[in-house]
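Enquirer: here is the input, now give the coordinates:
(2 chains)
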Amino acid sequence: DAKTTQPPSMDCAEGRAANLPCNHSTISGNEYVYWYRQIHSQGPQYIIHGLKNNETNEMASLIITEDRKSSTLILPHATLRDTAVYYCIVRVAGGGADGLTFGKGTHLIIQP
Amino acid sequence: EPEVTQTPSHQVTQMGQEVILRCVPISNHLYFYWYRQILGQKVEFLVSFYNNEISEKSEIFDDQFSVERPDGSNFTLKIRSTKLEDSAMYFCASNNGPYNEQFFGPGTRLTVL
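Expert: Purely as a prediction, here's the structure:
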């Protein structure tokens, strides 16, 4: 799986949009971009994933650049409960129950 | 909403003892996973399980570890002879397809003394 690069930490004001970047310059054509988050010491939580089109769900939006070398996770109206470590993970599509490879992620701190 | 559950929430054991960590995946899921997270470090994949056999395992998952689905609902991780360095949070996860989102349980904190 391609490697990802994320800033170690970010701050965002409550109520504002949080934009979390991820670089995955070596991504290949059959690799998806997944985002998970981990609130304190809880189990990781799936947020969203995409291949090349922008995606939106009830939690967030995922913007993938046209060359697919980077993406941005957008939390439109951040709340204090969104304070967490956010992980960008690139995975191959295909057979097999591969485990997720977590990096260090971005520690997002929502400020009141 | 269905969820993955894990028991116990905290397990304390002596070095060299065997421990079994238990997980109940979401009922219609077919793929099961164990991960661990040493305090302050990354979440690390241990093993995946499908169709009653190991599908993939990491270098961490050595002969000291084993997994089992003893019945239709439980999924267990056994550590045969615990070491101090096995102290970590252990997370179970499941999904209904190998590239679908994984649902994680709340974790079991294992402390080896």
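Enquirer: measure B:Leu110 to chain A for me?
Expert: As judged by CB to the nearest CB, to the nearest Å, B:Leu110 and chain A stand 13 Å apart. Where you see a C-beta, it was placed from the backbone N, CA and C, and this is true even at glycine.
Enquirer: that residue: what's it in contact with?
Expert: Residues near B:Leu110 by CB atoms under 8 Å, 6 or more residues apart in numbering or on different chains: B:Gln11, B:Thr13, B:Val19, B:Leu21, B:Ile79, B:Thr82, B:Asp86, B:Ser87, B:Ala88, B:Met89, B:Tyr90.
Enquirer: so which of these is the closest to chain A?
Expert: B:Met89 (6.2 Å; CB to the nearest CB).
Enquirer: so how many other residues sit close to the closest one?
Expert: A total of 20 residues lie near B:Met89 under the criterion other CB atoms under 10 Å in any protein chain shown.
Enquirer: so for stretch B:6-24, mean pLDDT?
Expert: Mean per-residue pLDDT for stretch B:6-24: 97.
Enquirer: partner strands of the worst-scoring helix or strand of chain B on mean pLDDT, with direction?
Expert: For chain B, scoring each helix and strand by mean pLDDT, DSSP states H and E identifies strand B:53-57 as the least confident one, at a mean of 93. Sheet pairing of strand B:53-57 (DSSP bridges) gives strand B:43-50 (antiparallel).
Enquirer: who's the most centrally placed residue in chain B bridged to?
Expert: For chain B, the residue nearest the mean C-alpha position is B:Trp34 (3.3 Å; CA atoms, centre = their mean). The bridge-partner assignment for B:Trp34, based on DSSP bridges, gives B:Val47, B:Cys92.
Enquirer: do the same with A:Glu31
Expert: When bridges are called by DSSP bridges, A:Glu31 pairs up with A:Val92.
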